[in-house]
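Novice: Sequence below, structure please.
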Amino acid sequence: MSARGALPRDGSALRSLAEMQLQAQVALAATMDARAIGIMGIDAALAAIVVSARFPNLLRIATLAALILSAGLAGRLIFLENDERIGPLVARLLALREFYDDHALEETILKGVAADVKANEHMLARGARRLAFAFVLLVLAAQLILIGSLY
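Specialist: Numbers count the residues shown, from 1 in each chain. Model prediction:
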């Protein structure tokens, strides 16, 4: 590796920055999960209103379909998106200690964390789009309920 691409001997500043980025991403992921749970709760409450109300059948079906899609998107965010890990596997890093000196291990760790931060950015952006679409469907369903209340 060239001298320009080499990390400084004391990589603690870079490691600290990477740790802060991962912590921020974990907090953002938890916030998105809480929002998704909130959307699912509102979907369930509105679905109960629609089922108990006397709406025309087509309006009832359209409203329930929007609510089911909204809850499905929010649920997917919670249950499927969390399968992706946030951060490097510590056991793998410990196994690497046998083969690398401290500087090479630090460089390997930082490259791995950088790759994880980038992957997390994509995952969080994809989750934010799904959450926004789930909210749009929720608002659409609420508007259909208001239209149904006019009948």
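Novice: can you pull out the helices in the chain?
Specialist: 12-52, 57-79, 90-96, 102-149 (DSSP state H).
Novice: what's the average pLDDT for stretch 13-28?
Specialist: Stretch 13-28 comes out with an average pLDDT of 84.
Novice: Likewise for stretch 96-113?
Specialist: pLDDT averaged over stretch 96-113 gives 77.
Novice: residues of that stretch that come out buried?
Specialist: Neighbour-count burial for stretch 96-113 flags 105-110, 112-113 (criterion: 16 or more other C-beta atoms under 10 Å). In short, each C-beta sits where N, CA and C put it, glycine included.
Novice: Of those, which is the nearest to residue 75?
Specialist: residue 113 (29.8 Å; C-beta to C-beta).
Novice: Switch the buried residues of stretch 96-113 over to CSV; also include distance to residue 129.
Specialist: Formatted as CSV, these follow (distance: C-beta to C-beta, whole Å):
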residue, distance to residue 129
105, 37
106, 35
107, 34
108, 32
109, 31
110, 29
112, 26
113, 25
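Novice: farthest pair in these?
Specialist: Farthest apart among these - using C-beta to C-beta - are 105 and 113, which lie 12.4 Å from each other.
Novice: hang on, the earlier thing: so which of the helices of the chain has the densest surroundings on average?
Specialist: helix 57-79 (a mean of 18; mean count of other C-beta atoms under 10 Å).
Novice: helices or strands up against the helix-or-strand element of the chain with minimal mean pLDDT?
Specialist: In the chain, the helix or strand scored least confidently by mean pLDDT, DSSP states H and E is helix 90-96, which has a mean of 71. Packing partners of helix 90-96 (3 or more C-beta pairs under 8 Å, 6 or more residues apart in numbering; DSSP states H and E): helix 102-149.
Novice: The helix it packs on vs helix 12-52, what angle?
Specialist: Angle between the axes of helix 102-149 and helix 12-52 is 20 degrees (criterion: axes from the mean of the first three to the mean of the last three C-alpha atoms, to 10 degrees).
Novice: so how far is helix 102-149 off the chain centroid?
Specialist: Computed by C-alpha atoms, centre = their mean, to the nearest Å, the chain-centroid distance of helix 102-149 equals 4 Å.
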